[in-house]
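**Q** Compute the structure for the input listed below.
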Amino acid sequence: MKNKLRLYTALAALFFLLSAAAYLLDKLSAPLPDRWGGLLVGGGVGLGVFFLSKALTERYYVKNQKARRMMEVEDRDERTRTIRGMAAYRALVSGTPIFLSVWLILLFLDVPLAGLLVVCAGYLLNFGVYAYHLVKLQKEM
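**A** Numbers count the residues shown, from 1 in each chain. Here you go, the predicted structure:
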């Protein structure tokens, strides 16, 4: 438990420092292209907040063992697992038209082929992860 807390805190700090460094580089000495600056600052802050929320959640469960036990029991509950499985399936099914519409928008905006291939690769990765977990769960059950 403490190791997860340390890991999440370190990752949050790392990503916040990454975004701060990108901002300072842009303002002080070496101006970054807009895409790289936006990617580094936006990605750094976004991932920093994500890992900060994970760290705060883990800290809460370290201090409150009763809540941790309740969460563990709830995670093992069959109804909860079924609901999560249905939600994951619906997210995958809704992801197809979303990826397709993003791809078409980028196509009409004359984005280079490399950008379109990245979107296609993202969709294929999303489907590949789904198929992997589906096969893995079928073997377990």
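**Q** gap between the residue lying farthest from the centre of the chain and residue 40?
**A** Within the chain, residue 29 marks the point farthest from the mean C-alpha position, 31.5 Å out by C-alpha atoms, centre = their mean. Distance from residue 29 to residue 40, counting by C-beta to C-beta, to the nearest Å: 15 Å. All C-beta spots, glycine's among them, are computed from the backbone N, C-alpha and C.
**Q** same deal with residue 14?
**A** Summarising the geometry, the distance separating residue 14 from residue 40, computed by C-beta to C-beta, is 12 Å.
**Q** of the two, who's got more company?
**A** Neighbour tally, residue 14 and residue 40, criterion other C-beta atoms under 10 Å: the higher count belongs to residue 40, 20 against 13.
**Q** that older thread, now the residue farthest from the centre of the chain, what are its backbone angles?
**A** Main-chain dihedrals, residue 29, degrees, to the nearest 10: phi -120, psi -60.
**Q** Now do it against residue 84, distance only.
**A** Using C-beta to C-beta, we find residue 29 at a distance of 48 Å from residue 84.
**Q** name the helices or strands packed onto the helix or strand residue 62 falls within?
**A** For residue 62, the element it lies in under DSSP states H and E is helix 34-63. Helix 34-63 sits against helix 2-28, helix 65-76, with contacts defined as 3 or more C-beta pairs under 8 Å, 6 or more residues apart in numbering; DSSP states H and E.
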